[in-house]
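Novice: Kindly return the folded structure for what I paste below:
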Amino acid sequence: MKRNLQFHLVVWLVLGSMRLHAQQLHTRWDELTAADWPKALVLSDSTCILPIGILEKHGLHDPIGTDLIQAREWCARAAKKEYAVVFPDYFYGQINEARHQPGTFCLPANVIFPLLEATCDEIARNGFKRIIIVNGHGGNTDFIPFFMETLLRKRRNYAVYYFQSKDDPEFKKQLAELRKSDPAYDYHAGETETSGLLYTRPDLVEMENASKESGVPQKRLHLPFLFTPIWWYADFPNHYAGDGSKATRAFGELYTEHYVTNLAKAIKKVKADTTTLALQREYFDRVDALK
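Specialist: Prediction:
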């Protein structure tokens, strides 16, 4: 009995010490020291979060780096709830639809694919076996899943996860009660994005400019059953979709905290996951057996 009590006391002290270190240790990759690195790998269970944003116009009221700022903020807050290392600012994605607007940083497809792969490889080379991609940019919603599939092109000693938050009915109800604009076209610099910034970085929002351009879809294309890459420009030539003037801090707080809570839960699951890497090894073993 005494030996069991001593064992549990030691375990409790070790876990308490780890929690204390996690609270004291920086979460951002670039803010850690080389001496911190081994501790960060242990406390994160070799898990790194890669927030991906973009540089593009967000109406006349939100900063050009809105998607990057938001993704960075989500990850920073979630990593405080469930420790993981957060990769520094990454803003290299798909943004061809905004090249007509000032401030857009758009790299070609034959650059952004190998760049993201090389980034993941380099993160893994530094000891991380689990990488969670958190996307803040709507224009990446096709690019990132396709990129994920291409990772099966060769054997890797790490796993990549793409976080996608789910909205439960109660959250949707609460959000609807706070919403003041039409959700049908609240896509870009509208109520949702602007509210998020009013909660996390109000110093960057210029609300007096939110009504100076229209974010209503212009519906200049009528092509049922067809897709064309000019569709976004046809509807939103101002690169503004929604009504940012309706944004509130309360809406942003509800949306942000819900997202951060879900992300923290996902980080915890990823840290405990051993199945994905085992299945990857099994898959590549079978691929190699065909050679």
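Novice: So which residues of the stretch 101-250 of the chain form strands?
Specialist: Listed from the start of the chain, the stretch 101-250 of the chain has strands (DSSP state E, counting those that start in this stretch) covering 130-135, 159-162.
Novice: So which of these is nearest Cys106?
Specialist: Taking CB to CB as the measure, these were each checked against Cys106, and strand 130-135 came out nearest at 16.6 Å. C-beta here means a position set from N, CA and C on the backbone, and glycine is covered the same way.
Novice: so what secondary structure elements neighbour that closest one?
Specialist: With contacts defined as 3 or more CB pairs under 8 Å, 6 or more residues apart in numbering; DSSP states H and E, strand 130-135 has these neighbours: strand 47-52, helix 66-81, helix 109-125, helix 143-150, strand 159-162, helix 249-272.
Novice: so for that strand, what's the average pLDDT?
Specialist: Taken as a whole, strand 130-135 has an average pLDDT of 98.
Novice: that older thread, of the helices and strands packed on strand 130-135, flag the one that's most buried.
Specialist: strand 47-52 (a mean of 26; mean count of other CB atoms under 10 Å).
Novice: returning to that earlier point: could I get the helices and strands packed on strand 130-135 as CSV with mean pLDDT?
Specialist: Putting those into CSV (pLDDT from 0 to 100) gives the following:
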stretch, mean pLDDT
strand 47-52, 98
helix 66-81, 98
helix 109-125, 98
helix 143-150, 97
strand 159-162, 98
helix 249-272, 98
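Novice: Would you mind putting these into JSON lines with distance to Leu223 alongside?
Specialist: Compiled in JSON lines, the helices and strands packed on strand 130-135 are given as follows (distance: least, CB to CB, whole Å):
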{"stretch": "strand 47-52", "distance to Leu223": "30"}
{"stretch": "helix 66-81", "distance to Leu223": "28"}
{"stretch": "helix 109-125", "distance to Leu223": "24"}
{"stretch": "helix 143-150", "distance to Leu223": "23"}
{"stretch": "strand 159-162", "distance to Leu223": "30"}
{"stretch": "helix 249-272", "distance to Leu223": "33"}
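Novice: Which of those sits closest to Ala234?
Specialist: Ranking these by their distance to Ala234 (criterion: CB to CB) puts helix 143-150 first, at 20.6 Å.
Novice: Show residues contacting the closest one.
Specialist: In this structure, residues lying in contact with helix 143-150 by CB atoms under 8 Å, 6 or more residues apart in numbering are 52, 93-94, 112-113, 116-117, 133, 135, 160, 162.
Novice: Compare the helices and strands packed on strand 130-135 and give me the one nearest Gly196.
Specialist: For Gly196, the closest of the helices and strands packed on strand 130-135 is helix 249-272, at 4.5 Å, according to CB to CB.
Novice: List the neighbours of that closest one that are in contact with it.
Specialist: 44-45, 47, 49, 73-75, 77-79, 81-82, 84, 130, 132, 134, 161, 163, 165-167, 171, 174-175, 178-180, 191-192, 194-200, 202.
Novice: likewise stretch 213-232?
Specialist: Where contact means CB under 8 Å, 6+ apart, the residues beyond stretch 213-232 that reach it are 59-60, 96-97, 185, 188-190, 234-238, 240-244.
Novice: again with stretch 153-169
Specialist: Residues from elsewhere that reach stretch 153-169 (CB under 8 Å, 6+ apart): 120-121, 123-124, 128-135, 144-145, 148, 151, 175, 258-259, 262-263, 266, 270, 273, 276-277, 280, 284, 287-288.
Novice: circling back to that earlier point, which one of the helices and strands packed on strand 130-135 lies nearest to Thr27?
Specialist: Set against Thr27 and scored by CB to CB, the helices and strands packed on strand 130-135 come closest in helix 66-81, at 4.0 Å.
Novice: Quick one, grab the pLDDT at Asp62.
Specialist: Asp62 is assigned 98 on the pLDDT scale.
Novice: How many neighbouring residues does the closest residue to it other than its chain neighbours have?
Specialist: Leaving out its chain neighbours, the residue that sits closest to Asp62 by CB to CB, 6 or more residues apart in numbering is Ala189, at 4.8 Å. A count of neighbours around Ala189, defined by other CB atoms under 10 Å, yields 30.
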